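1. When you get a sec, could you give me coordinates for this:
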Amino acid sequence: MQKSHPYAGRNYQPDHGSKISTHDTTDSFVDFVKARAIHYQQKELAALTGLSIQQVKNLRLGLSGIGGKALTNWIRNCPRFAGDYAEYAGIIRPGEAETSEALTRLANAVARRGA
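-> Now for the predicted structure:
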């Protein structure tokens with residue numbers, strides 16, 4: 001006899017009403033990235049993210065999103081963006097981005113000195 005999940009009966013219908021739409025989240029994220037990207041020169045942002053100039057142009061216009069590798073590079077290479085992203089993602093509370101940036105700069109300076 002095969003055991004099955006108690007709710008997996010013949011008439012079981014999963015609750016689709018509670019499904020969270022990712023469309024709003026995606027649009028919000030593209031808007032967040034676009035708003036931050038316009039504060040950088042194209043060449044500077046390309047260097048920070050590893051994207052090409054054309055990809056940076058599309059990013060700044062909101063025509064495309066950003067991949068995980070480029071996002072990670074941007075976070076690692078730019079403490080100001082790292083703080084903004086942490087606030088956007090809910091890792092830190094609103095208003096703490098500047099503190100996060102300052103702590104990241106301090107930690108990087110200490111690591112470079114070898115202390």
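2. What is the neighbour count of the nearest residue to residue 79 once chain neighbours are set aside?
-> Distances taken as Cβ to Cβ, 6 or more residues apart in numbering place residue 104 nearest to residue 79, at 3.9 Å, with adjacent residues excluded. Using the backbone N, CA and C atoms, a C-beta is placed for each residue, glycine as well. Residue 104 is flanked by 18 other residues according to other Cβ atoms under 10 Å.
3. Now do the same contact list for residue 104.
-> The contact partners of residue 104, by Cβ atoms under 8 Å, 6 or more residues apart in numbering, come to 79, 82, 83.
4. Closest to residue 113 out of the residues you listed?
-> Of all the contacts of residue 104, residue 79 has the smallest distance to residue 113: 16.6 Å, by Cβ to Cβ.
5. Test my guess that that closest one contacts residue 108.
-> Yes - under the criterion of Cβ atoms under 8 Å, residue 79 makes contact with residue 108 at 7.3 Å.
6. between these two, who's got more neighbours?
-> Between residue 79 and residue 108, residue 79 has the larger neighbour count (other Cβ under 10 Å), namely 19 against 11.
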